[in-house]
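Q: test case, fold it:
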Amino acid sequence: KAAPRGSIRRSVTMTMVYHFGTIAFSSLLVAIVQFVHVVMSWMEHMLKTEGNEPRSQFAEYFSRCIHCLLACFERSIRFINHNVYIITCIEGTGFCASVSTASSLLLGNAARIGTLNMVASSLLNLIKFIIVGANVWAAWWAMNYVDYFKDLDVPHTVALVLVGAITFVVASFFMNVFHSILDTVIVCFLMDEKVNNGADKPYYMTPAMQALVPKATLLAAQEYGAA
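A: This next block holds a predicted model:
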């Protein structure tokens, strides 16, 4: 099916009218954790610059553990928020209801989600580095064999580094978009599998994706249809 006309405009309007609080509250949670992290770093810096006696190894170890826990907590909130946004788009629910749905999906399918994310991240990173390598090689070839680029005032090494850095940034943006699309497809698949059963409630997923549904679920749907 083709997307309806004006779908982006209507989606943005519905987001700003009905779900702006979800975006604001999820951003507030991340901001609170970041604020605590910054305050702790500032306090540590002030203690070091005041010329006091050096801290014990236990205090240093405890401080690093707190920083590690805060960093893990922030990443966990970001990961949950990412899936909450997808659930909100699918069901139109608020933040708390979307968190409950997303948590049940993630905990109930942790192995599959972890495996798919690991494979997807590996493939996207591989594609990213292939793009960077291809662009750097193309720039090196142009600077050595194309007359227009042979007389550059910039050293070739600096030019290649700049080409690689810019390509890496642009490729990262595009791969992040693809990763968000993959996460959305995974969550939609899990929601379809959870809500429907393939019998009286047919799946929306394609037949190729139905091969990923556990065999016990498919057998139960077939038995229901036969009955």
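
Q: can you tell me the element residue 102 falls in?
A: helix 95-108 (DSSP states H and E).

Q: helices and strands around that helix, which ones?
A: Applying 3 or more CB pairs under 8 Å, 6 or more residues apart in numbering; DSSP states H and E, one finds that helix 95-108 contacts helix 20-49, helix 57-91, helix 156-195. All C-beta atoms are positioned from the backbone trio N, CA, C, and that covers glycine.

Q: save those as CSV, and put in distance to residue 10 too.
A: Shown next, in CSV, are the helices and strands packed on helix 95-108 (distance: least, CB to CB, whole Å):
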stretch, distance to residue 10
helix 20-49, 15
helix 57-91, 12
helix 156-195, 18
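
Q: right, so of those helices, which gets closest to residue 124?
A: Nearest to residue 124, of all the helices and strands packed on helix 95-108, is helix 156-195, at 4.5 Å by CB to CB.

Q: quick one, that closest one and helix 95-108 angle?
A: 90 degrees (axes from the mean of the first three to the mean of the last three CA atoms, to 10 degrees).

Q: next helix or strand past helix 156-195?
A: helix 207-210.

Q: show the average pLDDT along that next one.
A: Averaged over helix 207-210, pLDDT sits at 74.

Q: that one: which residues count as buried?
A: Using 16 or more other CB atoms under 10 Å as the test for burial, helix 207-210 gives residue 210.

Q: now stretch 166-178
A: 167-168, 171, 175.

Q: what residues sit buried inside the helix holding residue 102?
A: Neighbour-count burial for helix 95-108, counted by 16+ other CB under 10 Å, picks out 95, 98-99, 101-102, 105-106.

Q: just give me the closest of the residues you listed to residue 71.
A: Once CB to CB is applied, the member of the buried residues of helix 95-108 that ends up nearest residue 71 is residue 106, at 19.7 Å.

Q: and the gap between that closest one and residue 147?
A: From residue 106 across to residue 147, the span is 57 Å (CB to CB, to the nearest Å).

Q: TSV for the helices and strands packed on helix 95-108, including mean pLDDT and distance to residue 136?
A: Below are these laid out as TSV (pLDDT from 0 to 100; distance: least, CB to CB, whole Å):
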stretch	mean pLDDT	distance to residue 136
helix 20-49	85	35
helix 57-91	85	31
helix 156-195	89	5
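
Q: quick one, which of these is nearest to residue 211?
A: Of all the helices and strands packed on helix 95-108, helix 156-195 comes closest under CB to CB, at 11.4 Å.

Q: let me know the angle separating that closest one from helix 57-91.
A: Inter-element angle recorded for helix 156-195 and helix 57-91: 60 degrees (by the same axes, to 10 degrees).

Q: helices or strands up against helix 156-195?
A: The contact analysis (3+ CB pairs under 8 Å, 6+ apart) places helix 156-195 against helix 57-91, helix 95-108, helix 110-145.

Q: try it again with 10 Å
A: If you count contacts as 3 or more CB pairs under 10 Å, 6 or more residues apart in numbering; DSSP states H and E, helix 156-195 packs onto helix 57-91, helix 95-108, helix 110-145, helix 147-150, helix 207-210.
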